[in-house]
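> kindly generate the corresponding structure for this input.
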Amino acid sequence: MHDDRTLIEARLKRVLDERIRPAVYPESVPLDVAVWTAPGEPVTVAEGLAATPEPTAVGARWGAPWATSWFRVTGTVPDEWAGKTVEAVLDLGFDENMPGFQCEGLVYRPDGTPVKGLNPRNQWVRIAAPATGGEDVHLHIEAASNPVILDYHPFLPTQLGDKETAGSEPQYTLARMDLAVFDEAVWQLVIDLEVLGELMRELPEDSARRYAIVRAIGRALDAVDLQDVNGSAPAARAELEGVLATPAEPSAHRISAVGHAHIDSAWLWPLRETVRKVARTTSNMTALIEDEPDFVFAMSQAQQWAWVKEHRPEVWAKVKKAVADGRFVPAGGMWVESDTNMPGSEAMARQFVHGKRFFLDEFGIENDEAWLPDTFGFAAGLPQIIKAAGSKWLLTQKISWSQTNRFPHHTFNWEGIDGTRIFTHFPPVDTYNCSMKGSEIAHAAKNFKDKGVARHSLAPTGWGDGGGGTTREMIAKAARLRDLEGSATVVWETPEKFFEKAEAEYPNAPVWVGELYLELHRATLTSQAGTKQGNRRSEHLLREAELWAATAAVRNTEFTYPYEELDRIWKTVLLHQFHDILPGSSIAWVHREARATYAAVADELNGIIGAAQRALAGDGGTGTLVFNSTPHTRDGVPAGGARPAVVDGQSAIASRADGGYVLDNGLLRVEIDGRGLIVSVYDIAADREAVAPGQVANLPQLHADFPNMWDAWDVDEFYRNTVTDLTEADEVVPGEDGGSVRVVRAFGGSRLTQVLSLAPGATRLDIDTEVDWHETEKFLKLAFPLDIHAERYASETQFGHFYRATHTNTSWEAAKFEACNHRFVHMEEPGWGVALVNDSTYGHDVTRTVREPDAGTTTTVRVSLLRAPRFPDPETDQGVHRFRHALVPGAGIGDAVREGYRINLPERRIAGGAEVAPLVAVDNDAVVVTAVKLADDGSGDVVVRFHESRGGRARATLTAGFGIGSVTVTDLLERPLADAPSPERVGDRIAVRLRPFELVTLRLTRA
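Sure thing, here's the model as predicted:
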């Protein structure tokens, strides 16, 4: 037989595009359209429905950027359509390639009942099936004219990302507003041909199955009367029945499809628009659930559920019913799909606390999985947090985006810094927006790296990022793929069902130890410094607020613990840890609002802290109390306590012979040259120099920074090829306090001012930096070349630290050229080390070189201060920024922990005479208390969370500053752990033993 395969494949494409798909709606009549545009921000549904619209028509331009237009569409079903299925086809000006990234709508009935959402891949509304003829049609569309930010030529700077700069030019042209007959048979034929055509292209060219499909398609196309597609569709379908009925091979890969709409809580749209995106998507999914008995939809992010409940109660009612039916599934158990690299220990824990509690309170459902398909890498401290929250599984697909190395597993056990293992799955479909295309299903099966020992994978199915969710076309395709020769099998299942099957079939899954580093999007550790500073400061203010409010509530019966305020503020901070807000990859509007939100959060938390401390300090006395919020004794003030502080020692400043100044406090001697650069940091007690010979530290370095794509997200390794050392100083003078040096540098359009200070009694050099930043596509770092031989270094992460190599032996190590730290990085030789601590920066790099001729090793750590990408925010980080760092020579890992807390939790001074004893004290500095608070249930119980911080075993005695009734080991949600041994206790003293980095939560009832 002659090979006419390519001829039939080309024929299929044209006939589908030009004849069969257009015949899905063979008859149509126009609807009457009128529109009212809200004058500012979106209005309530009631207000939108009550507004008086003006007539408009298809072809009219509409929608200024970020505006809301309420369309009213009316009409009558023609009598001759009686017995047929009738739909409204409502095209607001969609581009089918941009679901979730342009205009959208939510359709309402006149009584305010939501019908379904509209988006580029979902433009229909069912009117009648069957119609009787003569039905009146009256619908309202709340249409959002969200501008296209990520266009066909991506990453171009645009002013459309903020309503304050976007202008008023209409963004869209109304394309179609019709009543139409929907031909079910033709639509089913389209799905048949798409499924078979897509499968055919994935099969080997010499496959008998491929040729069987080719021949069946050829016969089906022969059966189509191109002048009467609708009349001939049943005959064409009949020609395909045989190849669609052939079952899959018994060894076929098995895919669990989960209906899904990964909705970014903010990204190329503001938070307020996400509220509406969620309403549109959930409306679509509840409608789809009613029509499709096998379909299951999962939605993560408790915050998004809460938005529906608060802002769209009419949609919430449908969601609750679908949840009760087991068809609409809460997933993930987190407040949002957060970044996991930068959030601090308590914040990462509270993501699970608030997420899981919402689903438990609303539905009585507890999630066993963490669901983070799009997060930019995963910190090594996360497994322990997942387990401590009562969960046991993790799903993500983002690591498939790594540019350098291919991850060796799709299903495996992930081991964190403390030894906790979490059963983890990376969907081999390599997308969280699966649409059931044959190419996607084939890729999942071929790509799956655990063949031969496992056969199950998961496919999150539906349009995401900007929402939209699963479509009826995807469900129809999945039905045909349920058991089809040549394809993986597909079945709709909940995440729980998938994980149960996957874990059961793979009891000895391989183990990956340490962080899941994404070899992409490394610049998200630096972009939008204001957002990152707001997060860090909010986290520490929340620590203080809980600590002092709990202490005051226990000690002072007149002080009321602010449960509701703290709950609300925590949820605000957690929302802003979403993986496109905290990483700095959202539009200008998002970050402008984030900065304002963080300022309001700081004001409110400072108010709570001040009120609690005043209640504790009392009215008597004329002295000044110093409150210490760190977990370590500080200048004589106990952790979590207050008393007058005493600092011994003094600092001196002297001129340096070769220009510059010398700072000396008897513990450290620091030399700063005439350029304001550090040439020596000498540890007097250890008789050890920290700065590498011939090098200068605290060196500002400026790089060109224009990545190949993803401007706010990426820094590509070639940025290192060009660097400008900012060595020229406009001013190097002594500070006014007598123990510091002030340095001013101008470069480009920017200005950098630093104050280098050495406090009495301190073993650290404090570096305060202010940058008035007006650069474009530049990257600013501070370099510290250290005379230390280290093959690895430690970066703080949640509830501990994680080691990375300083060398680049393998491609895995070389790819980590920009990495994340929390409060410190630390490197050491046996017996002596150096820490670099910070108050708000996360990105850094560490490199090593061998010097000639002495063969000594220089290990250079550079902190990342600022970037200036132009997409999606063309004004990223322009303006004034302030950072605090400290260099700590002679530091062990415990010193790095202590100094990291110190720089992030400045002491507070308040008038008062009543010394404040700690509510909870711990006698071992290796055991760090991360939270002291009252229990969330309002019982008045005291909750204490702590962990071993140095990577070793620790014993400690925890002493309560109040009478204890009982002691219970709990999970993060403050629920008793059934298998946890009771701590040893003598009175109000509790003995604890901890493994390396072990996290423990205790609940103490008050006697």
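> which positions in stretch 841-857 come out as buried?
Residues of stretch 841-857 classed as buried by neighbour count (16 or more other C-beta atoms under 10 Å): 841-848, 857. To be clear about C-beta, it is placed using only N, CA and C from the backbone, and glycine gets the same treatment.
> tell me where the longest helix sits in the protein.
In the chain, with assignment by DSSP state H, the single longest helix is helix 588-617.
> elements contacting it?
helix 529-555, helix 563-575, strand 624-627, strand 642-643, strand 908-911 (3 or more C-beta pairs under 8 Å, 6 or more residues apart in numbering; DSSP states H and E).
> could you say what helices and strands the second one packs with?
Secondary structure elements in contact with helix 563-575, counted by 3+ C-beta pairs under 8 Å, 6+ apart, are helix 302-311, helix 345-363, helix 529-555, helix 588-617.
> by how many degrees do the longest helix of the chain and helix 563-575 diverge?
150 degrees (axes from the mean of the first three to the mean of the last three C-alpha atoms, to 10 degrees).
> run the angle between helix 588-617 and helix 529-555 for me.
Using the same axes, to 10 degrees: helix 588-617 against helix 529-555 is 30 degrees.
> so how far is helix 588-617 from its chain's centroid?
22 Å (C-alpha atoms, centre = their mean, to the nearest Å).
> what does stretch 780-790 give?
On C-alpha atoms, centre = their mean, the centre of stretch 780-790 falls 30 Å from that of its chain.
> which one, of the helices and strands packed on helix 588-617, ends up nearest to I141?
Smallest distance to I141 across these (C-beta to C-beta): 28.4 Å, for helix 563-575.
> who touches the closest one?
When contacts are defined by C-beta atoms under 8 Å, 6 or more residues apart in numbering, helix 563-575 is touched by residues 265, 271, 303, 335-336, 338, 347, 350-351, 354, 535, 538-539, 542, 545-546, 549, 581, 597, 601, 604-605, 608, 933-934, 936, 938.
> and if you look at stretch 617-624?
Contacts for stretch 617-624 (C-beta under 8 Å, 6+ apart): 625, 642, 644, 909-914, 916.
> got those residues as a markdown table, with neighbour count, pLDDT and distance to E440 columns?
Output for the contacts of stretch 617-624, formatted as a markdown table (neighbours: other C-beta atoms under 10 Å; pLDDT from 0 to 100; distance: C-beta to C-beta, whole Å):
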| residue | neighbour count | pLDDT | distance to E440 |
| --- | --- | --- | --- |
| L625 | 24 | 94 | 63 |
| A642 | 28 | 96 | 60 |
| P644 | 14 | 87 | 67 |
| R909 | 14 | 95 | 61 |
| I910 | 15 | 93 | 61 |
| A911 | 13 | 91 | 66 |
| G912 | 22 | 88 | 65 |
| G913 | 14 | 79 | 70 |
| A914 | 16 | 81 | 67 |
| V916 | 24 | 96 | 61 |
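> state the pair within those that is farthest apart.
Within the contacts of stretch 617-624, R909 and A914 form the most distant pair, 14.4 Å apart (C-beta to C-beta).
> give me the pLDDT for the nearest residue to A935 once chain neighbours are set aside.
Distance criterion C-beta to C-beta, 6 or more residues apart in numbering; nearest residue to A935, sequence neighbours excluded, is D941 at 4.1 Å. D941 carries a pLDDT score of 98 in this model.
> do the same with V647
For V647, pLDDT reads 58.
> and what of T557?
80.
> that one and E564: what is the separation?
To E564, T557 is 19 Å away according to C-beta to C-beta, to the nearest Å.
> before we move on, what about V691?
Remark: distance between V691 and E564 (C-beta to C-beta) = 51 Å.
> which one's more surrounded, the two?
Set V691 next to E564 and count neighbours by other C-beta atoms under 10 Å: V691 wins out with 25 against 9.
> so where's the stretch 101-250 of the chain uncertain?
Low-confidence segments of the stretch 101-250 of the chain, defined by pLDDT under 70: none present.
> now the strands: where do they sit in it?
With strands called from DSSP state E, counting those that start in this stretch, the stretch 101-250 of the chain shows them at 104-108, 114-118, 124-128, 136-144, 172-173, 176-181.
> okay, helices next: where are they in the stretch 301-450 of the chain?
Secondary structure of the stretch 301-450 of the chain (DSSP state H, counting those that start in this stretch): helices at 302-311, 313-324, 345-363, 382-388, 438-447.
> identify whichever of those lies nearest to T630.
Counting by C-beta to C-beta, and looking across all of those, nearest comes helix 345-363 at 14.0 Å.
> any buried residues in the closest one, and which?
345-360, 362-363.
> stretch 275-290 now?
Going by neighbour count (16+ other C-beta under 10 Å), the buried part of stretch 275-290 is 275-289.
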